[in-house]
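give me a 3D structure for the following:
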Amino acid sequence: MTRRYRRRGAVAVEAAVVYPVLFLLLLGVIVGGMGVFRYQMVACMACEGSRYAAVRGGDWQRESGQPAPTATQITSDVIVPMAVSMDPANLTVRVECVNGVTGAVTDWDASDKAPTSLNAAGDPVANRVRVTVNYRWSPEWFFGGPIDLRSVSESPASY
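Next up, the predicted model:
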C-alpha cells in the first residue's frame, strides 16, 4: 500500500516539471506560426505594390491622361488596405525605379517611370519597379522584443 502512494507523488512531480515545459513549447509554436503569417502578409504587400506600380508607369500616364500614382498613393491605396490586423504605424514602404541598363536606383516620385531604357546597341531593356515593405512586429504573449520583417519585390515595368 505504501508503494502506491510513493508512485503517486512521483507522477505529481513529473507532471509539475513536464506540463509547464510542454505549455511553453506549445505557445512558442503558436507565436512562431503568427510570425510566419505576418511575414507572408508583408511579402504579399510588397508583391502587390510592385505589380500595381509596374503597370502604372509613363506609358499608362500618357494613354490614360491621368498622373502616375505617387509612392504615398501606392502605399495608402494598395499596401495599407492589405495590412489587416497590423499596426500601420509600424509599417514603412519604399518605392523605387531601377534602370534596366545601368542598374541605377531612383526614388519612384523622382523617376520618369519609363517602362524601358535603351542599351548601347539601341535595344530596349525593361526597367523595374522595386517595392520594399518593412514591418516592426511585436510578438504576442511577450516572446522577445520587436522583430523587423522585411520583404523586397521587383517587377518589370510593363506599361
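
so the residue nearest to the spatial centre of the chain, which state does it fall into?
By Cα atoms, centre = their mean, the chain has its centre lying nearest to residue 42, at 2.0 Å. The local conformation at residue 42, judged by DSSP: H, G, I helix; E, B strand; the rest coil, is helix.

now the strands for the protein?
91-98, 105-107, 116-118, 124-126, 128-137, 147-156 (DSSP state E).

and the contacts of the fifth one?
In this structure, residues lying in contact with strand 128-137 by Cβ atoms under 8 Å, 6 or more residues apart in numbering are 35, 38, 41-43, 45-46, 49-50, 53-54, 57, 74, 79, 83, 86, 90-98, 100, 105, 108, 146-157. For glycine as for every other residue, the C-beta is placed from the backbone atoms N, C-alpha and C.

sketch out the low-pLDDT regions of this structure for me.
1-8, 141-143 (pLDDT under 70).

about what we covered before: distance of the residue nearest to the centre of the chain relative to residue 87?
Residue 42 sits 13 Å away from residue 87, going by Cβ to Cβ, to the nearest Å.

could you pull out the helices for this protein?
2-54, 58-64, 71-74, 80-82 (DSSP state H).

right, so of the ones you listed, which gets closest to residue 121?
Closest approach to residue 121 among the helices of the chain (Cβ to Cβ): helix 58-64, 22.0 Å.
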